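Participant: Here is my input; please provide its structure:
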Amino acid sequence: MGLFKKYINQTRKPEGFLGNMMVNGMNKGHSKLADWGISHLKTTKPSQILDLGCGGGRNADALMKKFPDATLTAVDYSDVSLEKTKAYNDINIKAGRCIVQKQDVSNLDLEEETYDLATAFETIYFWPGLEKCFAQVAKVLKPGGLFMIVNESDGEDETSLKYEKIIDGMTCYTPEVIEAALKNAGFSQVKCGHHKKKPWITVIAKK
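Facilitator: Model (predicted):
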């Protein structure tokens, strides 16, 4: 496997030196996408937030800035991502506003019906079965809680489909596929949004 392919494959589960490079790149490279997604959260006022696949921790910080009265739990299955998230959110962790945990989204070991809002930025491409994982998210959300998915790919753009062929375990989903999986997992309402000029999508589901 060439160096470029090895590096690109770190998007799935960052590890080692290349994983550190990838996570640093995620914080910077995905910031505009994440902020665009967060801007869709206009009416909710969560007290407990769960950030799934927290990457380098930048988006967790952005969520806490938007919702200054909330506490946030950031989870990932990559040790590199967890360490980066802890470093990025050190002040919030010391203030008791942020908890960072190692979790597998296909089997979340979290208290049920706890969170008002769950978020997933640029991560569901790698989840092992959408319906199964979405059901895990529904399990830990309070009744009426929201789950927001933000993807750079709408499942049809050429660039992402090229990466899908070289990144192990990556699947780009259309909004329609995501919406169907959410409803099958127990979410009652689903609203999809698409960027006017880019293939970015937000999907917000209500439990």
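Participant: residues in contact with the most centrally placed residue in the chain?
Facilitator: With distances taken as CA atoms, centre = their mean, residue 120 lies nearest the centre of the chain, 2.0 Å away. For residue 120, the set of contacting residues under the criterion of CB atoms under 8 Å, 6 or more residues apart in numbering consists of 52, 53, 137, 147, 148, 149, 150. Every C-beta, even on glycine, is put in place using the N, C-alpha and C of the backbone.
Participant: hmm, 6 Å instead?
Facilitator: Residue 120 makes contact with 52, 53, 149, according to CB atoms under 6 Å, 6 or more residues apart in numbering.
Participant: Can you flag which of those residues belong to strands?
Facilitator: Counting by DSSP state E, the part of those found in strands is 52, 149.
Participant: Out of the contacts of residue 120, which is nearest to residue 71?
Facilitator: Using CB to CB, residue 52 is the member of the contacts of residue 120 that sits closest to residue 71, with 15.7 Å.
Participant: Could you count how many residues lie near residue 145?
Facilitator: When neighbours are counted by other CB atoms under 10 Å, residue 145 registers 23.
Participant: The residue nearest to the centre of the chain belongs to a helix?
Facilitator: No: looking at residue 120 with DSSP: H, G, I helix; E, B strand; the rest coil, it is strand, so not inside a helix.
Participant: what's across from it in the sheet?
Facilitator: Here residue 120 sits in beta bridges with residue 52, residue 149, going by DSSP bridges.
Participant: where does it land on pLDDT?
Facilitator: According to the per-residue confidence, residue 120 scores 98 in pLDDT.
Participant: Now do stretch 149-164: everything it contacts.
Facilitator: Applying CB under 6 Å, 6+ apart, the contact partners of stretch 149-164 are 33, 37, 120-122, 124, 170, 172-174, 199-203.
Participant: swap the cut-off to 7 Å and go again
Facilitator: Residues outside stretch 149-164 that contact it (CB atoms under 7 Å, 6 or more residues apart in numbering) are 8, 33-34, 37, 120-122, 124, 170-175, 177-178, 194, 199-203.
Participant: Can you list the buried residues in it?
Facilitator: Counting neighbours by 16 or more other CB atoms under 10 Å, one finds that the buried residues in stretch 149-164 are 149, 150, 151, 152, 153, 154, 155, 160.
Participant: Okay, and the fifth one sits in which element?
Facilitator: For residue 153, there is no host helix or strand (DSSP states H and E).
Participant: which stretches of the protein have low pLDDT?
Facilitator: 1-25, 29 (pLDDT under 70).
Participant: can you map out the strands along it?
Facilitator: If DSSP E is used as the criterion, the strands of the chain fall at 48-52, 71-76, 98-102, 115-121, 141-151, 189-194, 201-206.
Participant: the helices in this structure, which residues?
Facilitator: All helices of the chain, identified by DSSP state H, fall at 3-8, 16-29, 31-38, 58-66, 79-88, 90-94, 130-140, 158-166, 175-184.
Participant: How many neighbouring residues does residue 70 have?
Facilitator: For residue 70, which is what you asked about, the neighbour count (other CB under 10 Å) is 19.
Participant: Ok, residue 50 next?
Facilitator: Taking other CB under 10 Å as the neighbour definition, residue 50 ends up with a count of 29.
Participant: can you check residue 51 too?
Facilitator: What residue 51 shows, counting by other CB under 10 Å, is a neighbour count of 28.
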